[in-house]
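Undergrad: please work out how this folds:
(chains A and B)
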Number of protein chains: 2
Amino acid sequence: MMKLYNVEVSGNCYKVRLLLSLLNVDCEIVPIDIANREQKSPSYLKRNPLGEIPVLEDGELTLRDSQAILVYLARKYGGDTWLPSKPSEMALVMQWLFTACNEIARGPMDARFHYKFKQNLDIEKAHEKSKSILTMINLRLANRDWLELNRATIADIACFPYIALAHEGKISLDPYPHVQKWITNIKELPNFISMPGLE
Amino acid sequence: MMKLYNVEVSGNCYKVRLLLSLLNVDCEIVPIDIANREQKSPSYLKRNPLGEIPVLEDGELTLRDSQAILVYLARKYGGDTWLPSKPSEMALVMQWLFTACNEIARGPMDARFHYKFKQNLDIEKAHEKSKSILTMINLRLANRDWLELNRATIADIACFPYIALAHEGKISLDPYPHVQKWITNIKELPNFISMPGLE
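TA: Residues are numbered from 1 along each chain as shown, chains lettered A, B, ... in the order given. Coordinates of the predicted model:
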């Protein structure tokens, strides 16, 4: 069986657990003790030399990045539903995985790191970037239910956690009603699962 | 014909031009006048509401992220060579596009922004992140010529520009001999093209 090295409070781990649930795919969840820096231990660094979670193992395969894991699971278990194989559609969905990795990470994810995990970083810049990307996504969702292709894809799954957890970075979603509606859409997907802080 | 909205000094635009050349695919290059903030003009913001370059247009398709554009070009024109369709191999390559978007962007790319384009950011953190990712990649390349799959893929193309431009962010590659050898490997690819600052 696949193994996911996991931390419950990580939005990046959660997006993988969420897709596993939506795909109805079994996976062993292996908790990593970040309080004792297990992710920096020699045995873990063999899995991921960057010392970060999550990591997915599937037989000989070891994958170290949450968005890359979404790509793997979607292509392996999801047919063309969650990540299409047609180049134009694949790239449209992929855009949002890079938005998750760039603008959302440098915005609401960093803001949450700062307030929830006491990370020393430029919180003003994180709030500024949050405003910019949330404004853009709110506009995008004004006349559609999903980020791309008029259906739920890994574009939505990749962007969802740190936007839905924005309040933990002291960012209000009040100015972004279409983003709030989209969060509800995702929560209503069959087999949706939650994480601490989302309710 | 496809159109690439382009800025010569951008490493993100360059990686797209490089893959186009390696694939021997024709594309109209449309220069964007960043000195006059053309990327923030209403007509450009219709292409990319984030106001960033590059953007690729191919008929009805508009793509706004350099790594997503690499995915599109590789899958549309590269067969299985530059980005394989097998889920495990696709995900292994994709990992590095997220490394380009995360660790390399927050490391050597940010350092170059700071020194070359006078961006106000935490340069110490950018240098610290550069050291961490370059150390990891140097170790990775100690016993292989390419980042993944024993051949050149878009993993290498995505990571290459801002590592090869590290000196413009006052980062020396002297401590990373395997990274230097990998840079040479890429420069020796058939149809390789360069950009300002790379020589």
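
Undergrad: which helices and strands sit right next to the helix or strand of chain A with the lowest mean pLDDT?
TA: Least confident helix or strand of chain A, by mean pLDDT, DSSP states H and E, is helix A:42-47 with a mean of 95. Under the contact criterion of 3 or more Cβ pairs under 8 Å, 6 or more residues apart in numbering or on different chains; DSSP states H and E, helix A:42-47 touches strand A:55-58. Just so you know, the C-beta spots here come from the backbone N, C-alpha and C atoms, and that holds for glycine as well.

Undergrad: and with 10 Å instead?
TA: strand A:3-6, strand A:55-58, strand A:61-63 (3 or more Cβ pairs under 10 Å, 6 or more residues apart in numbering or on different chains; DSSP states H and E).

Undergrad: what residues does the last one touch?
TA: Strand A:61-63 is touched from outside by A:2-5, A:16, A:46-48, A:54-57, A:69-73, A:76, B:87-89, B:91-92, B:94-95, with contacts defined as Cβ atoms under 10 Å, 6 or more residues apart in numbering or on different chains.

Undergrad: do the first one as well
TA: Applying Cβ under 10 Å, 6+ apart, the set of residues contacting strand A:3-6 from outside is A:12-14, A:16-17, A:20, A:27-32, A:38-39, A:44, A:47-48, A:52-58, A:62-64, A:69.

Undergrad: those residues, buried ones only, as a PyMOL selection?
TA: The buried residues among the contacts of strand A:3-6 can be selected in PyMOL (16 or more other Cβ atoms under 10 Å in any protein chain shown) with this line:
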select buried, chain A and resi 12+13+14+16+17+20+27+32+38+39+44+47+48+52+53+54+55+56+57+58+62+63+64+69
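
Undergrad: hang on, the earlier thing: with only the CA atoms kept, save the least confident helix or strand of chain A in CSV.
TA: Taking Å, rounded to 0.1, in the frame of the first residue of the first chain, the C-alpha atoms of helix A:42-47 are listed here in CSV:
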residue,chain,number,x,y,z
PRO,A,42,18.8,11.2,8.7
SER,A,43,16.2,8.5,7.9
TYR,A,44,13.6,11.1,6.8
LEU,A,45,16.2,13.1,4.8
LYS,A,46,16.8,10.0,2.7
ARG,A,47,13.2,10.3,1.6
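
Undergrad: what comes up buried for stretch A:84-100?
TA: Buried residues in stretch A:84-100 (16+ other Cβ under 10 Å): A:84, A:87, A:89-100.

Undergrad: which ones among those residues map onto helices?
TA: A:87, A:89-99 (DSSP state H).

Undergrad: what is the end-to-end distance of stretch A:43-57?
TA: End-to-end distance of stretch A:43-57 (Cα to Cα, to the nearest Å): 14 Å.

Undergrad: ok, stretch A:28-41 next?
TA: 21 Å.

Undergrad: same question for stretch A:20-36.
TA: End-to-end for stretch A:20-36, by Cα to Cα: 27 Å.
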